[in-house]
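Peer 1: Sequence and predicted model, in that order:
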Amino acid sequence: MDGSPDRRSWLPCYAAGAVFAVCMAGTTLPTPLYSLYQEKLGFSELTVTVVYAVYAFGVIGVLLLAGNASDAVGRRPVLLSGLAFAAVSAVCFLCASALGWLFAGRLLSGFSAGLFTGAATAYVLELAPGKGSPRASLVATAANMGGLGCGPLLAGILAEFAPWPLYLPFIVHLVLLAASAFVLLRLRETVRERRPLATARPQRPGLPPAVRAVFRPAALASFAGFALFGVFTAVSPAFLSEFLDVDDHAVSGLIVALAFFSSIAGQTAVGRIGENRSLTLGCAGLFGGLALLAGALWWQLLPLVVLSAVLGGGGQGLTFRAALAQVANASPPDHRAAVVSTLFVVAYTGISLPVIGVGVLSVHIGLQDAGLVFIACMAALVVAAGGYLLRRRSGGV
């Protein structure tokens with residue numbers, strides 16, 4: 001009985017985390033379904049990567065234009081708007097009789113994620129008992145990455161074992177969004193002094209000179225880690241189907257989910273390992289994940305794809321949480337939001353442009369060779385980031 005008051009005091013934090021997870025799940029829900037859309041609408045692998053990448057452009061646009069809106073108007077109005085964008089995105093996928101519906105759905109999904117990324121993280125932390133609780137940070141991390149992992153897992157299972165594979169996942173998500181809105185309306189607002197939306201100014205990416213030495217390796221590692229996620233979520237189902245004869249949507253959804261769940265494990269380990277070591281070890285994990293993915297492409301082995309998802313996802317989690325913490329700590333207080341926004345812009349650029357590059361190359365040299373070129377480029381970035389970090393730790397920079 002002694003623990004029940006503590007559990008009750010944490011319920012709002014957990015509830016906000018669940019809402020966060022539901023919204024983020026919608027952003028990866030279409031991942032195992034792209035092959036079905038290709039059959040239905042008849043478009044190429046390049047189009048798949050562009051459809052996927054449109055999401056990142058939506059996220060970046062909202063982060064820059066309205067990333068701090070919840071500081072002015074309150075957390076709940078912004079999060080309700082994010083749920084509304086997610087719901088309209090689901091409706092677009094339900095109506096997807098032409099390619100334009102998919103572009104619209106992905107863009108709106110990006111808007112929802114852009115609104116949630118900062119506001120929901122702050123809301124989870126603010127609803128937790130006390131301040132700066134590591135448990136609250138873990139709830140926010142698990143909700144974000146866990147939601148991203150649950151999206152393809154849910155869609156893959158429903159597409160494989162239930163009827164209406166292109167409709168039922170989005171119907172289920174709409175039900176979850178409605179439940180999330182009900183929960184959100186019952187939670188308290190944490191912004192006490194609310195202001196008109198007009199007072200929220202667009203956030204400019206900024207990089208003061210004092211932050212640049214910390215930012216360079218953090219940005220390189222973040223870019224490579226998100227690029228690995230981008231390729232896993234955009235083209236791994238096509239690779240599994242084309243080269244490994246894996247047409248089971250549940251399996252492809254599970255492999256993508258493993259990368260995100262492993263990221264949670266990596267982010268959780270940062271507190272025990274330390275930020276400096278996490279960045280270096282994370283780069284090693286990313287390099288190992290890329291090497292395993294190269295082996296999977298070259299030898300066409302499913303176990304290597306699974307190991308790549310686990311190791312690469314863990315490396316991404318280590319690098320990104322450590323990078324975010326180091327960049328935030330090194331930033332002057334009056335520039336912190338701009339610097340963090342710049343890091344997120346770099347990360348989401350990593351989840352879009354390389355994916356489109358793989359799509360363009362696959363038209364000319366095939367998906368397998370395009371993937372190997374991508375891996376070589378990302379491995380070079382990871383090595384550069386790791387080498388820079390080692391020089392800094394040894395006093396060379």
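Peer 2: The structure has been received and is ready for your questions. From a predicted model like this one, the values you see are computed outputs, not experimental measurements.
Peer 1: Could you report the pLDDT at the nearest residue to V191 once chain neighbours are set aside?
Peer 2: Distance criterion CB to CB, 6 or more residues apart in numbering; nearest residue to V191, sequence neighbours excluded, is G74 at 4.4 Å. Where C-beta positions appear, they are placed from N, C-alpha and C, glycine not excepted. With respect to pLDDT, G74 has a value of 91.
Peer 1: Please verify my assumption that G74 contacts R188.
Peer 2: No - counting by CB atoms under 8 Å, G74 stays clear of R188, with 10.5 Å between them.
Peer 1: For the residue nearest to V191, give its distance to A200.
Peer 2: 11 Å (CB to CB, to the nearest Å).
Peer 1: Return the set of buried residues in the lengthiest helix in the chain.
Peer 2: Ranked by residue count under DSSP state H, the longest helix found in the chain is helix 212-244. Judged by neighbour count (16 or more other CB atoms under 10 Å), helix 212-244 contains these buried residues: 214-243.
Peer 1: Pull the contacting residues for the residue nearest to V191.
Peer 2: E189, T190, V191, R194 (CB atoms under 8 Å, 6 or more residues apart in numbering).
Peer 1: please redo it, this time with the cut-off set to 10 Å
Peer 2: If a contact means CB atoms under 10 Å, 6 or more residues apart in numbering, then G74 has L80, A119, Y123, E189, T190, V191, R192, E193, R194, R195 as its contacts.
Peer 1: With A309 instead?
Peer 2: 228-229, 232, 236, 254-263, 289, 292-293, 296.
Peer 1: between the contacts of G74, which has the most around it?
Peer 2: For the contacts of G74, neighbours were counted using other CB atoms under 10 Å, and Y123 has the most, 29 neighbours in all.
Peer 1: what about that residue, which helix or strand?
Peer 2: helix 99-127 (DSSP states H and E).
Peer 1: Please compute how far whichever helix or strand comes after that helix lies from its chain's middle.
Peer 2: Sequence-wise, the next helix or strand downstream of helix 99-127 (DSSP H and E) is helix 134-161. Offset of helix 134-161 from its chain centre (CA atoms, centre = their mean, to the nearest Å): 10 Å.
Peer 1: Only the buried residues of helix 134-161, if you could.
Peer 2: 136-160.
Peer 1: Show me what it is packed up against.
Peer 2: helix 4-28, helix 99-127, helix 168-186, helix 212-244, helix 249-273, helix 302-330 (3 or more CB pairs under 10 Å, 6 or more residues apart in numbering; DSSP states H and E).
Peer 1: if we can go back for a sec, next step: the contacts of G74 restricted to helices.
Peer 2: Short answer: the contacts of G74 in helices (DSSP H) are L80, A119, Y123.
Peer 1: Now D369: closest residue in space that isn't a chain neighbour?
Peer 2: Using CB to CB, 6+ apart, the closest residue to D369 is L361 (7.3 Å).
Peer 1: Can you give me the pLDDT of the one you found?
Peer 2: For L361, the model assigns a pLDDT of 93.
Peer 1: Roughly how far does it sit from T141?
Peer 2: 33 Å.
Peer 1: what do you get for T117?
Peer 2: Counting by CB to CB, the gap from T117 to T141 is 12 Å.
Peer 1: can I get the helices and strands packed on helix 134-161 in TSV with mean pLDDT and distance to V382?
Peer 2: TSV is the format used below for those (pLDDT from 0 to 100; distance: least, CB to CB, whole Å):
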stretch	mean pLDDT	distance to V382
helix 4-28	89	23
helix 99-127	94	24
helix 168-186	98	34
helix 212-244	88	5
helix 249-273	94	14
helix 302-330	92	8
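Peer 1: So which of these is nearest A379?
Peer 2: Of all the helices and strands packed on helix 134-161, it is helix 212-244 that lies closest to A379, at 8.1 Å by CB to CB.
Peer 1: Between helix 302-330 and the closest one, find me the angle.
Peer 2: 160 degrees (axes from the mean of the first three to the mean of the last three CA atoms, to 10 degrees).
Peer 1: roughly how far is helix 212-244 from the heart of the chain?
Peer 2: Worked out by CA atoms, centre = their mean, helix 212-244 lies 11 Å from the chain centre.
Peer 1: could you check the angle helix 249-273 makes with it?
Peer 2: Going by the same axes, to 10 degrees, helix 212-244 makes 150 degrees with helix 249-273.
Peer 1: So what angle separates the directions of helix 212-244 and helix 134-161?
Peer 2: Using the same axes, to 10 degrees, helix 212-244 lies at 20 degrees relative to helix 134-161.
Peer 1: Could you pull up phi and psi at P165?
Peer 2: phi -60, psi -30 (degrees, to the nearest 10).
Peer 1: what's around it, how many residues?
Peer 2: P165 has 17 nearby residues by other CB under 10 Å.
Peer 1: what about it, distance to G156?
Peer 2: 9 Å.
Peer 1: give the contact list for the residue lying closest to S222 once chain neighbours are set aside.
Peer 2: Leaving aside its chain neighbours, S222 sits nearest to A347 (4.5 Å; criterion: CB to CB, 6+ apart). The contact partners of A347, by CB under 10 Å, 6+ apart, come to 56, 59-60, 218-219, 221-227, 229, 316, 320, 323-324.
Peer 1: With N144 instead?
Peer 2: 17, 20-21, 23-24, 113, 116-117, 120-121, 124, 260, 263-264, 267.
Peer 1: Mind giving me the ChimeraX command for buried ones among those residues?
Peer 2: Selection command for ChimeraX covering only the buried members of those, criterion 16+ other CB under 10 Å:
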select :17,20,21,23,24,113,116,117,120,121,124,260,263,264,267
